[in-house]
Every structure is written in C-alpha cells, then in structure tokens.
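In: A predicted structure for the sequence below; I have some questions about it.
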Amino acid sequence: MDPRSRAGKFGVVTVRTRRQRTLRLDSLDMAHPKERSRALKENAGVLWEPNSIELTAVTPFETLVLQPGTSVVTPGGVVAPSGVSPFDQSYVPIVWAEAPLGGKQQKAVQHGQKRTPRRCRFCHRSEPAVSFKSKAHVLPQGLGNRAHLTWEECDECNQSVGSPLEDDLLKFLGPHRSMMPFPTKAGGSKHKTKRSSIASKSDGVPPITVSIFEGDPSVKVTRLSNHRLQFEIDTQPYRPMGVAKAVARMALALMPKEKLDGYDYVREWVRGEVETKPRLTMIHIPGPGAAKLGLWVFEQREQLIGQSPLVACLYFGGLVLFWHAPTPSLETPPKPLLPRMPPSPYPPHVYGATSWIVTSDAKIAPKQTIEMGYGSMTEQVAKTKQGP
C-alpha cells in the first residue's frame, strides 16, 4: 500500500489506500459480554483501571436460581428459603417506570408535582429564579425514552448536571448499545472508535454492521466457533462516577416526594456537594435482550447493617445496572444483595454479575469484550482512502 501525495490548497496531503472490512450480522440470537469470574480477574487491568475502580467478584447468578425445597447462600452470606430471595425479603419496590423500545411509543407520562410556581427537586429553587422551558427526561433520551418526563427539574440542573451524567452513561453503554437494534434519540445506534464503527438499525431488527479499517487496533474480531464471534472494542472516555450518579439521579427524579427528605444526602452527592465511593453492579443476560428501557427503585423494608438503604435498577435490552446507595453516613455497602432472576432461555442460561466500587472521578477508556451469536454473516472487503 504505497502512500500517494497530492498538492492541495493547504499544501501536500498524504492519502493512504487501506482496506475496510465490513461485517453484516443477521438473526442475532445472543449478545453478552464474557461474564465468568475467572475472565473478569484475568482482564481486570484491561476492563477497569485499578486507580479509579476497585473490582470485586460477585457470585454468578446460577447460585440465586432456587429449586423447590432448597436454600441458597447469597453474596451477602444470607440463607434464603425456597422460592424467596434475600433481596425480596429485604427490599420493597417503591416506584417504577418503563418505556418500550421500537414500535409504537407510549403516551407521555409527567412525573413529579405540577404546581405553580414550579420547583426543582435537585437544586430546590423555584420560578422565576430558574426556568423550566426544556423537556426534562427521567430516563435517558439517548437510550430511546420519549415517554417519561418530569415537572421538577429546572433547565440549569438538566443542562449542567443531567446532560454530562447522561453522556457518561451513554459512553459506558456505547458498545452494547451499538449491538442492540433499538431506537435512540438519533434513530439507530452507532459506536465509533479511532477509525472503525459498529452500527445497528432502529427498527428492532438486525443486521448489525461492523466496519473495521485495516491496522486499527480499536476493534478486534475473533471467530470463536461457527456462528459465534468475540469483539474487543475501545470505549469512548467516560467517568464511572458519572455513570453511578446518572442512575441515582433517575431514582431521585422518580421517587415519591415524601421519600426525598430521607435521601437528601444522595441529592447532594449527585450535585457534587459531598463525596462518597458508589457501588455499581452490572448483570449481563444471555440472549438478544428485551426491547425495553426501565428503572425500578427499591427501598429496605427495615434497616440492615451493611446493606444499601436504596437500590436503583436500570435495565436496557440485555443489560441490567444496579446502583447501591451509600448509607446516610456515606459509607459504601461491602457486599450487595441482588434479586433472584430466572434462567435465560439462551445459552449459557445463567447470568454473570460484576460489582465494583468507584473510587475517583477520573475518566477511563477501557476495552469491552462482547461475545455474539448470529444466524448469518456477510463479509465485504473494499479499498478506501483515508488521510494521514
């Protein structure tokens, strides 16, 4: 591949001809990251930077799938009776919101108290000191939410606090979003790396299109077996602290007004007024993922030592992300309780869980490893021109 130079208005521009490899994957039947504790430990330095995230292994979810007449020991060390998980014993749902992805959108739902003058539940200011001209989304618009809005977030909090946190969340989910054919704010979803990209359509139907430039290390594709690929993908820089705050902010936006005073320290943390080290847990569900975006908020039935008083669960396609609230003294819960979930009909049938504590506000850009099964694949190699 000999570089060719040409004279231009701004001097000499070097144009290199390189090959672009394009994969189109149809009839997807599985999309989930590598999720075994062994793999997580081996790749800890790649997946998460040690100086900003403290990685801890959580028992895979097969130990929480109960059979009649049995009991189980959870990551928190609690024995559950048959059919009831320690999480269900300890927590009760207090609010829930869900938006379908693809197809007919549901009618808009306004959360919060509609009153005059309007008051922001994040900064506690009212009109006319602050304005409420923009639509404030409870669930991220970038993940496809057009239905759930709130009356109680001012424009300043929405733009200066909410938008940066949502950006961190979307970049964290970037590779996964690009492999889920669900609509987003911009239509389909596309994850871009240095030169390559992964894109999906917005109608809930494959194909997934992967375009890789020769020599670009940001996307690596390995064939594991027939109809199964592994992707190693660079993420765009994001703040794990922002990811945790984004989920907490959604929980605050949905919570009943009478519950807010008990979690004012969470509001202060989201706004950057106090500091804590939040815990997140990511669950990967084998399979193509449900065309749903939603958030559950759970509260302790009674105070448990060493457990979060509040848990928020964000789900999108085949991903579930838990934020475990700190205690009122801003202490991080050492081991999270997780809800019992039935086996997935897709192999390997059991869920994997990764839990970590975010210890700084630094940005990271780790690689993410995703395994994907597919029904058919077409491959095309073309020569393209790219600048220096």
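Out: Everything's here; your move. Numbering: from 1, shown residues only.

In: Phe316 touches Leu170, doesn't it?
Out: No: using Cβ atoms under 8 Å, Phe316 is not in contact with Leu170; the gap is 10.5 Å. (Glycine included, C-beta is placed from N, CA and C.)

In: Mutual contacts of those two, please.
Out: Counting by Cβ atoms under 8 Å, 6 or more residues apart in numbering, the contacts common to Phe316 and Leu170 are 143, 177.

In: These two - which one has more neighbours?
Out: Legend: neighbour count by other Cβ atoms under 10 Å for Phe316 and Leu170, higher for Phe316 (27 against 22).

In: Which positions within stretch 94-109 qualify as buried?
Out: Burial within stretch 94-109, assessed by neighbour count using 16 or more other Cβ atoms under 10 Å, is assigned to 95, 97, 99-102.

In: Dump those residues into TSV; add pLDDT as well.
Out: Below are the buried residues of stretch 94-109 laid out as TSV (pLDDT from 0 to 100):
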residue	pLDDT
Val95	92
Ala97	91
Ala99	85
Pro100	81
Leu101	77
Gly102	66
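
In: Next step: the residues you listed restricted to strands.
Out: Among those, the ones falling in strands (DSSP state E) are 95, 97, 99-100.

In: Leu224 - how many residues pack around it?
Out: Leu224: 11 neighbours (other Cβ under 10 Å).

In: what helices or strands is the helix or strand harbouring it leaning on?
Out: Per DSSP states H and E, Leu224 falls inside strand 219-225. Using 3 or more Cβ pairs under 8 Å, 6 or more residues apart in numbering; DSSP states H and E, the elements in contact with strand 219-225 are strand 208-213, strand 228-234.

In: Contacts only, for Arg290.
Out: No Arg there; residue 290 is Ala. So Ala290 contacts 317-318 (Cβ under 8 Å, 6+ apart).

In: so where is this protein shaky, pLDDT-wise?
Out: 1-84, 102-105, 181-188, 201-207, 288, 341-352, 382-388 (pLDDT under 70).

In: how about the helices in it?
Out: Taking DSSP state H, the helices of the chain run over residues 37-42, 44-47, 86-90, 155-157, 163-172, 174-178, 240-254, 257-260, 264-270.

In: so of the ones you listed, which one's packed in deepest?
Out: helix 240-254 (a mean of 25; mean count of other Cβ atoms under 10 Å).

In: Could you export it as PDB, CA atoms only?
Out: Coordinates of each C-alpha in helix 240-254 appear next as PDB, following Å, rounded to 0.1, in the frame of the first residue of the first chain:
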ATOM      1  CA  PRO A 240     -17.600   5.700  36.100                       C
ATOM      2  CA  MET A 241     -18.600   8.200  38.900                       C
ATOM      3  CA  GLY A 242     -20.800   9.900  36.400                       C
ATOM      4  CA  VAL A 243     -22.400   6.500  35.500                       C
ATOM      5  CA  ALA A 244     -23.300   5.900  39.100                       C
ATOM      6  CA  LYS A 245     -24.700   9.500  39.500                       C
ATOM      7  CA  ALA A 246     -26.700   9.200  36.400                       C
ATOM      8  CA  VAL A 247     -28.600   6.100  37.800                       C
ATOM      9  CA  ALA A 248     -29.000   7.800  41.200                       C
ATOM     10  CA  ARG A 249     -30.400  11.000  39.500                       C
ATOM     11  CA  MET A 250     -33.100   8.900  37.700                       C
ATOM     12  CA  ALA A 251     -34.100   7.400  41.000                       C
ATOM     13  CA  LEU A 252     -34.400  10.800  42.700                       C
ATOM     14  CA  ALA A 253     -36.500  12.000  39.700                       C
ATOM     15  CA  LEU A 254     -38.900   9.200  40.100                       C
END
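
In: for that helix, packing partners?
Out: Counting by 3+ Cβ pairs under 8 Å, 6+ apart, helix 240-254 packs on strand 91-100, helix 163-172, helix 264-270, strand 279-284, strand 290-300, strand 310-317, strand 319-324, strand 352-358.

In: same thing but at 7 Å, please
Out: helix 163-172, helix 264-270, strand 290-300, strand 310-317, strand 319-324, strand 352-358 (3 or more Cβ pairs under 7 Å, 6 or more residues apart in numbering; DSSP states H and E).

In: of those, which approaches Arg121 most closely?
Out: helix 264-270 (7.7 Å; Cβ to Cβ).

In: Please enumerate residues in contact with stretch 224-235?
Out: Identification of contacts with stretch 224-235 by Cβ atoms under 7 Å, 6 or more residues apart in numbering yields 171, 174-175, 193, 218-223, 365-375.
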